[in-house]
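Colleague: What shape does this take:
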Amino acid sequence: MMTDALQINADLSAAGPPQGARAPSGGSAAHAVASVGEHESACSGSEAFALRVLGSSMEPEFMEGEIIVIEPEGALRDGSYVLAQHEGEWIFRQLCRRGEAWQLHALNPAFPDLLLPDLTTVRGVIIQKALPGRRRASKRYV
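Modeller: This next block holds a predicted model:
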């Protein structure tokens, strides 16, 4: 099973996965999942939080080891990068509108796009990325 992961550096409260959730260790899922970090800080469900990207599903825009900042109440738009829940797992993808439907698009063509029944499973918008220790490598998305 090939899975990518996001390491959560904050308590997501109502906006995110349950306390203590862990990424699966194997299987055929080809999408990014989130796991709650051991050192969680208290923040409300509406406060921005940071994740570390693990895996290659969002390359070349988001590389493994980069930090992404999620805004739970960010405006959803076609083309936004988002954190969403899909089939019980947390994934990081680009939100794309295809006609009347929405899908979660992986930038790496080795990973499939995923259909969304509606936007209620989208829990936040990526507003910034940074490579730890490299201030000039930062990029904003809003």
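Colleague: how deep is Pro60 tucked in, by neighbour count?
Modeller: A count of nearby residues for Pro60, using other C-beta atoms under 10 Å, gives 8. In short, each C-beta sits where N, CA and C put it, glycine included.
Colleague: Surely it and Ala106 touch.
Modeller: No - using C-beta atoms under 8 Å as the test, Pro60 is too far from Ala106 to be in contact (11.7 Å).
Colleague: which regions of this protein sit below the pLDDT cut-off?
Modeller: 1-45, 134-137 (pLDDT under 70).
Colleague: That one: helices as residue ranges?
Modeller: Listed from the start of the chain, the chain has no helices (DSSP state H) to report.
Colleague: Tell me where it has strands.
Modeller: With DSSP state E, the ranges of strands along the chain come out as 4-8, 32-36, 49-54, 67-71, 81-86, 89-98, 101-105, 114-116, 122-131, 134-140.
Colleague: can you redo those strands as a markdown table with mean neighbour count?
Modeller: Converted to a markdown table, these look like this (neighbours: other C-beta atoms under 10 Å):
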| stretch | mean neighbour count |
| --- | --- |
| strand 4-8 | 22 |
| strand 32-36 | 23 |
| strand 49-54 | 22 |
| strand 67-71 | 21 |
| strand 81-86 | 22 |
| strand 89-98 | 20 |
| strand 101-105 | 18 |
| strand 114-116 | 16 |
| strand 122-131 | 20 |
| strand 134-140 | 10 |
